[in-house]
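1. need a structure here:
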Amino acid sequence: GEHSHQIAQVMVNSATPMTTTTKNNHKPPPTPLFIFFHGGAWGSGFPTMYRLLSLPFLERNFRAVILGYRTYPTTTVQGQVDDLVQAVTYFVQKYQQQEKEGQETGTTTTTTCSKNDTPASDATLDLNSTRNPASLSSSSPPKPKIVLMGHSSGAHISMLAALQGRLSNRVDAIIAASGVYDLEQQFKYEKLAGVHEISPMSAAS
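-> Here you go, the predicted model:
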């Protein structure tokens, strides 16, 4: 996007040995993609804060994308849903195309980051890992699995986008961690307690 917060960091475990074929000369399944949408009470946070979260997924041969988005008061909750959907659509389409080309040519090009989170330049990578299961037919390469994870307010935005039907046919699974989902009920509770004006949830009210 055009806003400075509409950025993303792409993480790849460059230490993982990869090839495009197995010992039986069969192509491995495509590398899955992990997309993370951070929290921050709808009004703070940026992708760099969450790089380490990608490590368990990188160790399992995922590629990872840490998304940034506009926060309050720059935009509303619905604007954040729009940012999420736009980013997921872009990266899913781009990644599926790269995987398809990699299956056809034996290579793929992406931005790499090592496990110590030091960005690297574009590089050509093989697409194989010892963790990959056995072979698939080469006649019709399968699409890579796409997993979206949202944390805290990011979980709320992710689930809201899903409930609006805007993530169908884009992601295969959603992980919603420590999210707040019934904002109206929570706001009523905080108002009764007299803390609604100082609540971090006021950005979403």
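2. And the helices in the chain?
-> 55-58, 77-105, 153-163, 183-192 (DSSP state H).
3. Next, work out how far apart the spatially most central residue of the chain and Arg166 are.
-> Nearest to the mean C-alpha position of the chain, by C-alpha atoms, centre = their mean, lies Ile35 at 0.8 Å. Per C-beta to C-beta, to the nearest Å, Ile35 is found 14 Å from Arg166. Yep, even glycine has a C-beta here, placed from its N, CA and C like the rest.
4. same thing with Tyr69?
-> 14 Å.
5. and Lys27, what pLDDT?
-> For Lys27, the pLDDT comes out at 64.
6. hang on, Met159 packs against Val180?
-> No - contact between Met159 and Val180 fails when scored by C-beta atoms under 8 Å: they sit 10.0 Å apart.
7. gap between the closest residue to Met149 other than its chain neighbours and Gln6?
-> Distance criterion C-beta to C-beta, 6 or more residues apart in numbering; nearest residue to Met149, sequence neighbours excluded, is Ile175 at 4.0 Å. Note on Ile175: its distance to Gln6, by C-beta to C-beta, is 22 Å.
8. do Thr89 as well
-> 13 Å.
9. so who does the residue nearest to the centre of the chain touch?
-> Ala64, Val65, Leu67, Ala87, Val88, Phe91, Ile146, Val147, Leu148, Met149, Val171 (C-beta atoms under 8 Å, 6 or more residues apart in numbering).
10. bridging residues for the closest residue to the second one other than its chain neighbours?
-> Distance criterion C-beta to C-beta, 6+ apart; nearest residue to Val65, sequence neighbours excluded, is Ile35 at 4.9 Å. Beta-bridge partners recorded for Ile35 (DSSP bridges): Val65, Leu148.
11. How confident is the prediction for Ile35, by pLDDT?
-> Ile35 is given a pLDDT of 97.
12. Just give me the neighbour total for Leu67.
-> For Leu67, the neighbour count with other C-beta atoms under 10 Å is 24.
13. ok, it - contacts?
-> Counting by C-beta under 8 Å, 6+ apart, Leu67 has contacts Ala8, Ile35, Phe36, Phe37, His38, Pro47, Asp83, Leu84, Ala87, Val88.
14. Look at Tyr69 and Arg166 and report which has more neighbours.
-> Remark: of Tyr69 and Arg166, Tyr69 carries more neighbours, 29 against 16, as counted by other C-beta under 10 Å.
15. which regions of the protein sit below the pLDDT cut-off?
-> Applying pLDDT under 70 to the chain flags residues 15-28, 102-142, 205.
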